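In: fold the following.
(one chain, ligands or ions: 1)
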Amino acid sequence: MPLIRGGNLAEDQWVHRADDEPLPDGEPVIVSLDRWKRDRETLLTRNAPLGLRLKSDQAPSQVAGDLDRFGVVALEFPTFKDGRAFSYAKLLRDRHHYRGEVRAFGHILRDQYLYLDRLGVDTIEVKDARQADEWKTAMGEYSVFYQPAADARRPAMNLRRRVAEALKPSRPDFEDLAPVGDVLPPKDAPPKATPARIAASDAKVRSFSHKYGHLSAPKLMAAMIETEFTGNIALVSSFGTEAAVLLHMVSEIAPDLPVVFLDTQKLFGETLRYRDQLVGQIGLTNVQTVRPDPERLRALDPKGMLFSSRANLCCQIRKVEPLDRALAPYDAWITGRKRYQGRRRAVLPVIEAAEGRVKINPLAGWSKDLLDEYFTEHGLPRHPLEADGYLSIGCMPCTDRVRPGEDVRAGRWRGTDKDECGIHETPAAQSLTSSGL
Ligand code: SF4
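Out: Reported below is the predicted structural model:
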């Protein structure tokens with residue numbers, strides 16, 4: 001069935017499957033709530049994106065704790081008179097903080113298009129591809145609204161208060177950004193770096209900055225991978241919007257270099273598919289997907305909603321701890337951070353010390369234009385969400401679109417002071433020794 005996204009016909013990667021239909025390997029499928037309840041454990045073991053179909057008498061609250069497992073939630077509009085799916089769309093966005101694709105299907109009238117868009121519905125399944133033109137026209141018919149919705153447009157009554165509201169601080173989406181010191185570390189946490197190891201990594205940073213500081217990104221990486229840390233260095237990649245550049249460089253130097261990918265189990269389905277596409281295209285052979293410890297999740301995030309109450313703790317158990325374990329065998333790691341991403345990254349060194357390891361940031365000085373040129377020159381695919389306004393992509397509940405003029409990471413933990421997940425927190429004592437390149 002044709003799919004409309006933002007007024008244009010769009011490719012539909014998802015396939016609706018009935019309850020008795022087999023699910024082909026690797027196919028992104030949308031299944032009913034009944035099937036999800038019946039086959040939940042089996043469905044979770046599939047190595048393919050999963051979507052959920054809700055009838056108009058099935059509220060999203062029935063699967064609140066599982067929503068982040070679905071790349072798309074498809075809401076049925078059975079008749080013109082049944083408006084329950086409108087409420088569900090709003091609840092998905094406002095109450096459940098669902099950031100995946102919300103789609104509508106069934107009996108949808110042209111006059112409802114704009115309202116669906118305002119509620120946060122991304123896509124609509126239509127019977128006739130020619131309805132794309134109607135969508136576009138409908139989207140531009142009104143500019144002022146009486147009712148608030150999930151979009152950023154102010155209702156008419158609120159326009160008068162615009163100036164006063166603009167001066168208020170934004171309300172945090174996260175209730176508590178408290179540090180995580182009140183939670184004990186996991187029993188199998190790797191030991192902290194010894195003073196001797198920290199001193200050794202500091203010395204290496206000083207020496208390497210002098211010796212390699214003038215090299216281009218590929219040459220710097222080659223020196224680290226082939227000479228200084230042979231068999232003892234890994235790349236950590238999010239497979240986000242710009243990750244392909246560094247990954248491609250690595251594929252040309254050492255396609256078997258360990259690439260650590262943190263699957264927090266809160267990621268967009270698009271990111272997982274993009275990882276697979278990119279890895280296949282550029283020929284990386286040693287991508288290691290690392291996940292949170294199920295014991296920690298059971299103990300600290302049993303409902304999967306910790307991100308909405310203690311984001312720092314959520315990042316700790318879903319990102320920081322798994323990465324600590326994954327990096328334990330290595331003396332050095334490579335990251336894709338850039339200075340142009342702003343905030344704390346604006347002063348990012350190319351070579352730094354962190355927790356007794358050497359950390360290489362080969363693209364620290366690269367601009368957005370340079371990255372774009374690299375993509376074009378090497379025919380690299382873009383992350384599928386980038387065109388939709390996601391300029392920095394992390395976990396689904398904590399990533400928002402970036403509006404024109406905002407900084408590139410403005411959509412991460414929007415409305416809060418949080419701007420990093422914790423894996424790049426460098427103890428003060430060590431940051432002083434960073435090369436500053
Ligand atoms: S980014 Fe959000 S969902 Fe992901 S680990 Fe951090 S708080 Fe949790």
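In: wait, what's in contact with the closest residue to the ligand within the stretch 1-150 of the chain?
Out: Scanning the stretch 1-150 of the chain for proximity to the ligand using CB to the nearest ligand atom identifies Asp68 as nearest, at 7.6 Å. Just so you know, the C-beta spots here come from the backbone N, C-alpha and C atoms, and that holds for glycine as well. Asp68 is in contact with 98, 100, 265-266, 304, 395-397, counting by CB atoms under 8 Å, 6 or more residues apart in numbering.
In: which residue sits closest to the residue most central in space within the chain, ignoring its sequence neighbours?
Out: Central residue of the chain (CA atoms, centre = their mean): Gly394, 2.3 Å from the mean position. Once flanking residues are discounted, Gly394 sits nearest to Arg412: 5.8 Å by CB to CB, 6 or more residues apart in numbering.
In: before we move on, what about Lys204?
Out: Val358 is the one closest to Lys204 (CB to CB, 6+ apart), at 5.3 Å.
In: gap between that neighbour and Ile233?
Out: 8 Å (CB to CB, to the nearest Å).
In: anything in contact with each of the two?
Out: 224, 331-333.
In: which among those gets closest to Ala299?
Out: Nearest to Ala299 out of these is Trp333 (CB to CB; 27.9 Å).
In: quick check, the closest one in contact with Leu235.
Out: Yes. Between Trp333 and Leu235 there is a contact under CB atoms under 8 Å: 7.0 Å.
In: out of those two, which sits in the busier spot?
Out: The residue with more neighbours, out of Trp333 and Leu235, is Leu235; 26 against 21, by other CB atoms under 10 Å.
In: list the contacts of the more buried one.
Out: 246-247, 250, 257-260, 333-335.
In: ok so, going back, so for Val358 and Ile233, which residue has more residues nearby?
Out: Taking other CB under 10 Å, Val358 and Ile233 do not tie; Val358 has more neighbours (25 against 22).
In: please report phi then psi for the more buried one.
Out: When read as degrees, to the nearest 10, the backbone of Val358 gives phi -90, psi 140.
In: scan the shared contacts of Val358 and Ile233 and report the most crowded one.
Out: Top of the shared contacts of Val358 and Ile233 by neighbour count (other CB under 10 Å): Met224, with 24 neighbours.
In: find me the pLDDT at Glu134, would you?
Out: pLDDT, Glu134: 69.
In: can you list the low-confidence ranges for the stretch 151-300 of the chain?
Out: The stretch 151-300 of the chain contains residues with pLDDT under 70 at 151-182.
In: and it, which of its residues are near the ligand?
Out: 264, 266 (CB under 6 Å from any ligand atom).
In: can you give me the strands for the stretch 151-300 of the chain?
Out: Applying DSSP state E, counting those that start in this stretch to the stretch 151-300 of the chain gives strands spanning 233-237, 259-262, 287-290.
In: with distance to Leu300 added, can I get these in CSV?
Out: Output for the strands of the stretch 151-300 of the chain, formatted as CSV (distance: least, CB to CB, whole Å):
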stretch, distance to Leu300
strand 233-237, 23
strand 259-262, 17
strand 287-290, 18
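In: out of these, which comes closest to Leu371?
Out: That would be strand 233-237 among these, by CB to CB, at 14.3 Å.
In: what pairs with that closest one, and is each one parallel or antiparallel?
Out: strand 259-262 (parallel), strand 332-334 (parallel) (DSSP bridges).
In: now those strands in CSV, please, with extra columns for distance to Leu75.
Out: Shown next, in CSV, are the strands paired with strand 233-237 (distance: least, CB to CB, whole Å):
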stretch, distance to Leu75
strand 259-262, 31
strand 332-334, 42
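In: which among these is found nearest to Gln316?
Out: Closest to Gln316 of the strands paired with strand 233-237 is strand 259-262 (CB to CB; 12.5 Å).
In: just how off-centre is that closest one within its chain?
Out: In terms of CA atoms, centre = their mean, to the nearest Å, the centre of strand 259-262 is found 14 Å from the chain centre.
In: other residues contacting it?
Out: 234-239, 247, 250, 275, 284, 286-291, 318-319, 322-323, 326-327, 333, 423.
In: which among the residues you listed end up buried?
Out: When the contacts of strand 259-262 are checked for burial by 16 or more other CB atoms under 10 Å, the buried set is 234-239, 247, 250, 275, 284, 287, 290, 318-319, 322-323, 326-327, 333, 423.
In: sorry, back to before: do you know which of the strands paired with strand 233-237 lies nearest Ala196?
Out: So among the strands paired with strand 233-237, strand 332-334 is nearest, using CB to CB, at 16.8 Å.
In: state the mean pLDDT of the closest one.
Out: pLDDT averaged over strand 332-334 gives 97.
In: show me how far that strand is from its chain's centre.
Out: Offset of strand 332-334 from its chain centre (CA atoms, centre = their mean): 22 Å.
In: do you know the pLDDT at Arg345?
Out: pLDDT, read off for Arg345, is 67.
In: can you pull the buried residues of the helix or strand containing Arg38?
Out: Assigned by DSSP states H and E, Arg38 belongs to helix 33-44. Going by neighbour count (16+ other CB under 10 Å), the buried part of helix 33-44 is 33, 35-36, 43.
In: list the buried residues for the longest helix seen in the chain?
Out: Counting by DSSP state H, the longest helix found in the chain is helix 195-212. Residues 198, 200-202, 204-205, 208-209, 212 are the ones in helix 195-212 that count as buried (16+ other CB under 10 Å).
In: state the pair within those that is farthest apart.
Out: Top of the distance list for the buried residues of helix 195-212 (CB to CB): Ile198 and Tyr212, 20.8 Å.
In: and Pro329, how many neighbours?
Out: If you count neighbours by other CB under 10 Å, Pro329 ends up with 11.
In: ok, now which ones touch the closest residue to it other than its chain neighbours?
Out: Nearest non-adjacent residue to Pro329, counting by CB to CB, 6+ apart: Asn232, 7.8 Å away. Going by CB under 8 Å, 6+ apart, Asn232 touches 329-332.
In: pretty sure Gly342 sits against Val402.
Out: No. With contacts counted by CB under 8 Å, Gly342 stays clear of Val402, the gap being 11.7 Å.
In: neighbour count for those two, which is higher?
Out: Using other CB under 10 Å as the criterion, Gly342 and Val402 rank with Val402 on top: 18 against 13.
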